[in-house]
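[1] Using only what follows, build the 3D model:
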Amino acid sequence: MEENVKSLRTRIPNAKRQECLKLFEEGIGYKKTAKITGLNPYSVRDYKRRYAQGDASWAERGGEDAE
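    Below is the predicted model:
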């Protein structure tokens, strides 16, 4: 009698990831980026760290293209 339960974690749409990347390129910090995009600050912080290391691959993979 196991229910099919959706994961509590949801994938961040690629459009939101791209928006984060654009804001980082404009010099916006992760806290303000999180507020602007409505994303979890911890996720955005991780994206910012990867961006600072020269890795922008996170911006185009794994998300859903939801509108």
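[2] Isn't Ile36 up against Glu26?
    No: assessed by C-beta atoms under 8 Å, Ile36 is found out of contact with Glu26, at 10.6 Å. Quick note: C-beta positions are derived from backbone N, CA and C, even for glycine.
[3] More neighbours: those two, which one.
    Each of Ile36 and Glu26 has its neighbours counted (other C-beta atoms under 10 Å); Ile36 has more, 13 against 8.
[4] State the number of residues packed around the nearest residue to the more buried one once chain neighbours are set aside.
    Leaving aside its sequence neighbours, Ile36 sits nearest to Leu23 (C-beta to C-beta, 6 or more residues apart in numbering; 6.4 Å). Neighbour count of Leu23, defined by other C-beta under 10 Å: 21.
[5] quick one: which helix or strand includes Leu23?
    According to DSSP states H and E, Leu23 maps onto helix 14-25.
[6] Can you point out the buried residues in that helix?
    14, 16-17, 19-21, 23-24 (16 or more other C-beta atoms under 10 Å).
[7] Kindly report the same for stretch 52-60.
    Applying 16+ other C-beta under 10 Å to stretch 52-60 flags 56, 58-59 as buried.
[8] Leaving out the residues flanking it, which one is nearest to the spatially most central residue of the chain?
    Among the residues of the chain, the one closest to the centroid is Arg17, at 4.5 Å (C-alpha atoms, centre = their mean). Setting aside the residues directly before and after it, Arg17 is nearest to Ala59 in space (C-beta to C-beta, 6+ apart), at 4.5 Å.
[9] same deal with Tyr30?
    That would be Lys48: by C-beta to C-beta, 6+ apart, it lies 4.1 Å from Tyr30.
[10] ok, now which ones touch that neighbour?
    Lys48 sits next to 20, 24, 29-30, 33 when contact means C-beta atoms under 8 Å, 6 or more residues apart in numbering.
[11] now do 10 Å
    20-21, 23-24, 28-31, 33-34, 41 (C-beta atoms under 10 Å, 6 or more residues apart in numbering).
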